[in-house]
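[1] sequence and computational prediction follow.
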Amino acid sequence: MSLKKLGFLSRSQLQKLHRLGGTRNANRILKDLSDYLNVVRLNENIYYLNAEGRQRVGANKVLKKTNQIIHHLMRNSVYISYGCPTTWKNEVKLIVKDEISIIADAIFKVANTYHIIEVDHLQKMSVNREKIRKYKRLIDLGVFEKPPKFIWITTTHYRKKQLMELSEGLQVLIYLQDDFK
């Protein structure tokens with residue numbers, strides 16, 4: 001079910017999510033589930049549901065090996081580190097008709113405050129700049145009861161600094177991918 005919800009998960013992420021113990025035990029359990037999983041090797045094994053696995057858990061979304069795997073893993077690192085919020089939703093489209101349309105990488109809500117997750121892996125900074133502009137516009141339009149908190153995960157200190165400057169005036173936390181290892 002975790003793979004249905006989150007798409008791609010590394011072995012270490014599955015260990016944390018399901019308290020699988022050591023690497024050896026986790027590998028044994030994942031081997032037992034191999035009829036339902038596809039595996040890609042990056043720095044470690046990355047798992048996702050194959051056709052039989054999707055059928056077993058009622059998943060409709062077909063995932064393939066793409067350069068988006070790391071994007072998923074980065075987003076899932078935030079999900080795990082924030083305690084697997086029950087209100088978490090991936091790829092949420094926020095729309096104000098004829099005004100703004102934006103897709104957040106993930107959103108969850110705590111105490112009537114939205115937390116908006118953005119993953120900066122391979123996209124250009126101009127895309128991030130435009131996203132931040134749209135979020136500021138949504139806030140100006142009064143879409144949120146309380147100002148949302150933004151959580152970014154990026155790859156370098158330089159990009160973190162740029163995102164911090166672009167996010168001036170917003171409640172924002174910016175993490176590096178390495179912060180979650």
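    That came in fine, so what should we check first? Numbering: from 1, shown residues only.

[2] the longest helix along the chain - contacts with which helices or strands?
    Here the longest helix in the chain is taken by residue count, with DSSP state H as the criterion, and it is helix 125-140. Counting contacts by 3 or more C-beta pairs under 8 Å, 6 or more residues apart in numbering; DSSP states H and E, helix 125-140 is packed against strand 100-110, strand 113-119, helix 157-166. Quick note: C-beta positions are derived from backbone N, CA and C, even for glycine.

[3] try it again at 7 Å.
    strand 100-110, helix 157-166 (3 or more C-beta pairs under 7 Å, 6 or more residues apart in numbering; DSSP states H and E).

[4] most tightly surrounded among those?
    Ranked by mean neighbour count under mean count of other C-beta atoms under 10 Å, the helices and strands packed on helix 125-140 are led by strand 100-110, which reaches a mean of 17.

[5] quick check: angle from that strand to helix 125-140?
    70 degrees (axes from the mean of the first three to the mean of the last three C-alpha atoms, to 10 degrees).

[6] CSV please, covering the helices and strands packed on helix 125-140 and showing distance to residue 130 and mean pLDDT.
    Shown next, in CSV, are the helices and strands packed on helix 125-140 (distance: least, C-beta to C-beta, whole Å; pLDDT from 0 to 100):
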stretch, distance to residue 130, mean pLDDT
strand 100-110, 9, 95
helix 157-166, 10, 96
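
[7] ok, which of these comes nearest residue 13?
    Comparison of the helices and strands packed on helix 125-140 against residue 13 by C-beta to C-beta identifies strand 100-110 as nearest, at 14.7 Å.

[8] chain center to that closest one, what's the gap?
    A distance of 11 Å separates the centroid of the chain from that of strand 100-110, by C-alpha atoms, centre = their mean, to the nearest Å.

[9] next, the angle strand 113-119 makes with that strand.
    120 degrees.

[10] paired strands for the next helix-or-strand element following the longest helix of the chain, with orientation please.
    Going down the chain from helix 125-140, the next helix or strand is strand 149-154, by DSSP states H and E. According to DSSP bridges, strand 149-154 forms sheet pairs with strand 113-119 (parallel), strand 171-176 (parallel).

[11] most centrally placed residue in this structure?
    residue 75 (2.1 Å; C-alpha atoms, centre = their mean).

[12] any idea how far residue 118 is from it?
    Distance, residue 75 to residue 118, using C-beta to C-beta, to the nearest Å: 9 Å.

[13] tell me the residues that contact both of those two, please.
    Residues touching both residue 75 and residue 118 by C-beta atoms under 7 Å, 6 or more residues apart in numbering: residue 105.

[14] which one of the helices and strands packed on helix 125-140 lies closest to residue 124?
    Nearest of the helices and strands packed on helix 125-140 (C-beta to C-beta): helix 157-166, 10.7 Å.

[15] and residue 72, how many residues sit next to it?
    Neighbours of residue 72 under the rule other C-beta atoms under 10 Å: 23.
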